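Participant: Quick one, what's the 3D model for this:
(one chain, ligands or ions: 1)
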Amino acid sequence: MAKVTAHTPRISRREGAPSRPAARGGTFAAALPLNSSPAPASPAPQRRVQTLDKLAILADAAKYDASCASSGSSRRDSVGGRGIGSTEGMGICHAYAPDGRCISLLKILLTNFCIYECHYCINRNSSNVRRARFTVEEVVALTLNFYRRNYIEGLFLSSGVIRSPDYTMEQLVAVARQLREEHDFRGYIHLKTIPDADGELLAAAGRYADRLSINVELPTVQALSALAPEKDATTIRRTMGRIRSRVEENREARREARQAGRPARRPPRFAPAGQSTQMIIGADATNDATILASSAQLYASYGLRRVYYSAFSPIPDAHAALPLQRAPLAREHRLYQSDWLIRFYGFEHAELTTPDSGMLPLDIDPKLAWALRNRERFPVDLNRASRELLLRVPGLGTKTVARILRLRRQQAVRLADLEAMRAPVRKALPFIVCADHRPALGELDAENLRARLAPPPRQHSLAL
Ligand code: SF4
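Facilitator: Reported below is the predicted structural model:
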């Protein structure tokens, strides 16, 4: 279901595409299926326009879902026959597959009609927006056409709720089923799940999709009931729990079949790329400490692959409870950095926010902010410290730390080694000791250390 964020889906030709034939230019309209209209009597060009129109509406509506990130670049396109290729277009975004590849997905809503009234959502029932609805066959045809033209490697499909949660979920599952069973589609499929839908539909969705996601929408139960009155936090979490159980049971059954030497009897995989969720930040007064605590609980309880954070931006005719200002994108970025530190660097969520405000500083990254608040823990000796301590040094990422650990088995680590590893040495210097470096006396306690290490202020509103 659609959320509010500032991501804009873009089209771009990817590098190193797999073995399918490369697209040879052309336009989106040319890629649209002729047989995709529900009105078979219409002349073909008209049908194309109609589908293009729907695509414009439903790809634009899907951009509010942050669950697959778009790559940014300056506006370029080949409209009017000038040049070839485009960085703008409808409905194509980039996401990371479980094996780490960046893949492009057709990202659309099945429909932006919705019977719900989530106050923060542009597609809510009372919203005055243009509405459209694809048929199942249209989405299938679009996906296959774009795939054959090498525009995409998969589908990200979400929807407003129409008629009932079960009916909507049936439609989403029907798209995935047709793609897999009738067209032997082997590309990536990410389906948004409707929380109130029947468990059997969920099971079917997991059979066809690589990833399932359900949005928790807001960081707290209170915020959800205030801003999304038809949604129920308990139902959302129960559905996440069901998905987790099915993923784990499936993994176990496949492992047992493999160990028993019966690989042919392994059950088909259930949502092999796991599940993810999204929460909107800045639509209510929840601070970053509570957001990160909520994420930590979601990761621990439901085995989520990712929690996506989507900075709220105001919508037309908004509910009075919503802020008039958009949440800073820098806040979304700092939350992603903190999320990463919790999952891969051993930080606890409560360590990362400023104790008095419960917020993350926007001007410096959360790891540097933590180091500046805990100066007594430094300097850390690169040649002796544990991996856990090295991971706490500003500027040292997981790969650099792994290289340091390998190198120091053979020789003492020096500054030149850090430079060769392309680590940001200037940022790390006050916090480390190595064979040819030790911070000057009093450097760590210097009042201006924060100012020295903070990146220079940047003008974000102008495209350079
Ligand atoms: S269910 Fe809520 S968030 Fe989803 S499309 Fe409808 S109004 Fe928007």
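
Participant: SS state for the residue of the stretch 251-400 of the chain at minimum distance from the ligand?
Facilitator: In the stretch 251-400 of the chain, the residue found nearest to the ligand is residue 280; the distance is 9.3 Å by Cβ to the nearest ligand atom. For every residue, glycine as well, the C-beta is placed using N, CA and C. Classification of residue 280 by DSSP: H, G, I helix; E, B strand; the rest coil places it in strand.

Participant: same question, the one 10 residues further on
Facilitator: For residue 290, the reduced secondary structure class is helix; criterion used: three-state DSSP.

Participant: And it, how far from residue 296?
Facilitator: Distance of residue 290 to residue 296, given as Cβ to Cβ, to the nearest Å: 11 Å.

Participant: do the same with residue 307
Facilitator: Separation of residue 307 from residue 296 (Cβ to Cβ) stands at 9 Å.

Participant: between these two, who's got more neighbours?
Facilitator: When neighbours are counted by other Cβ atoms under 10 Å, residue 307 comes out ahead of the other of residue 307 and residue 296, with 24 against 17.

Participant: Who are the contact partners of the residue lying closest to the more buried one once chain neighbours are set aside?
Facilitator: Residue nearest to residue 307 in three dimensions, not counting chain neighbours: residue 295, with 4.5 Å by Cβ to Cβ, 6 or more residues apart in numbering. Applying Cβ atoms under 8 Å, 6 or more residues apart in numbering to residue 295 gives the contacts 279, 307, 339, 342, 349.

Participant: Residue 295 belongs to a helix, doesn't it?
Facilitator: Yes: applying three-state DSSP, one finds residue 295 inside a helix.

Participant: Low-confidence regions, the stretch 251-400 of the chain specifically.
Facilitator: The stretch 251-400 of the chain contains no residues with pLDDT under 70.

Participant: can you give me the strands in it?
Facilitator: Listed in chain order, the strands of the stretch 251-400 of the chain (DSSP state E, counting those that start in this stretch) span 275-281, 306-311, 380-381.

Participant: what does this structure put close to the ligand?
Facilitator: Counting by Cβ under 6 Å from any ligand atom, the positions of the chain adjacent to the ligand are 1, 2, 114, 116, 118, 121, 123, 124, 160, 161.

Participant: Give me the domain ranges for this structure.
Facilitator: Domain segmentation of the chain under automatic domain parsing yields 28-327, 366-453.

Participant: wait, which of the ones you listed is closest to residue 354?
Facilitator: With Cβ to Cβ as the criterion, residue 354 lies closest to domain 366-453 of the domains of the chain, at 7.4 Å.

Participant: picking that back up, buried deepest among the domains of the chain, which one?
Facilitator: Mean neighbours per residue, mean count of other Cβ atoms under 10 Å, is largest over the domains of the chain for domain 28-327, with a mean of 18.

Participant: Determine how far it lies from the middle of the whole chain.
Facilitator: 11 Å (Cα atoms, centre = their mean, to the nearest Å).

Participant: shouldn't residue 54 be in contact with residue 132?
Facilitator: Yes: the pair residue 54 / residue 132 is scored as a contact, 4.3 Å apart, by Cβ atoms under 8 Å.

Participant: For the residue lying closest to residue 438 once chain neighbours are set aside, give its distance to residue 434.
Facilitator: What sits nearest to residue 438 in space, not counting adjacent residues and going by Cβ to Cβ, 6+ apart, is residue 379, at 7.1 Å. When Cβ to Cβ is applied, the distance between residue 379 and residue 434 equals 9 Å.

Participant: Span of stretch 295-309 from start to end?
Facilitator: End-to-end span of stretch 295-309 (Cα to Cα, to the nearest Å): 10 Å.

Participant: coming back round to it: gap between the residue nearest to residue 438 and residue 449?
Facilitator: As defined by Cβ to Cβ, residue 379 lies at a distance of 12 Å from residue 449.

Participant: and for these two, which residues touch both?
Facilitator: Residues touching both residue 379 and residue 449 (Cβ under 8 Å, 6+ apart): residue 430.

Participant: first to last residue in stretch 295-315, what's the distance?
Facilitator: 25 Å.

Participant: How about stretch 386-405?
Facilitator: 9 Å.

Participant: what comes into contact with it?
Facilitator: 344-347, 365, 367-368, 370-371, 377-378, 380, 382, 413, 417-418, 421, 423-425, 427-428, 431-432, 453.

Participant: Pick out the residue of the stretch 151-300 of the chain closest to the ligand.
Facilitator: Taking Cβ to the nearest ligand atom, the stretch 151-300 of the chain has residue 160 as its residue nearest the ligand, at 3.9 Å.

Participant: hang on, that residue in a helix?
Facilitator: No: per three-state DSSP, residue 160 lies outside any helix segment and is coil.

Participant: how far away is it from residue 113?
Facilitator: The spacing between residue 160 and residue 113, counted by Cβ to Cβ, is 5 Å.

Participant: what do the two both touch?
Facilitator: Listed as contacting both residue 160 and residue 113 by Cβ under 8 Å, 6+ apart are residue 123.

Participant: what sits against the residue lying closest to residue 258 once chain neighbours are set aside?
Facilitator: The spatial neighbour of residue 258 that comes closest, neighbours along the chain excluded (Cβ to Cβ, 6+ apart), is residue 266 at 6.5 Å. By Cβ under 8 Å, 6+ apart, residue 266 lies in contact with 253, 254, 257, 258.

Participant: If we use 10 Å, what do you get?
Facilitator: Contact criterion Cβ atoms under 10 Å, 6 or more residues apart in numbering gives 250, 253, 254, 255, 256, 257, 258, 260 as the residues in contact with residue 266.

Participant: and if you look at residue 242?
Facilitator: Contacts here follow Cβ under 10 Å, 6+ apart; on that basis residue 242 touches 193, 199, 202, 203, 206, 214, 302.

Participant: Just put those in CSV and tack on secondary structure.
Facilitator: Supplementary listing: the contacts of residue 242 in CSV, determined by three-state DSSP:
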residue, secondary structure
193, coil
199, helix
202, helix
203, helix
206, helix
214, coil
302, helix
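
Participant: Which parts of the stretch 251-400 of the chain are helices?
Facilitator: Ranges of helices in the stretch 251-400 of the chain, per DSSP state H, counting those that start in this stretch, are 288-302, 329-344, 349-352, 366-373, 387-390, 398-407.

Participant: The last one to helix 329-344, inter-axis angle?
Facilitator: When you say that, I think you mean helix 398-407. Calculated by axes from the mean of the first three to the mean of the last three Cα atoms, to 10 degrees, helix 398-407 forms an angle of 40 degrees with helix 329-344.

Participant: After helix 398-407, heading C-terminal, what element do we hit next?
Facilitator: Towards the C-terminus, the helix or strand next in line after helix 398-407, according to DSSP states H and E, is helix 415-420.
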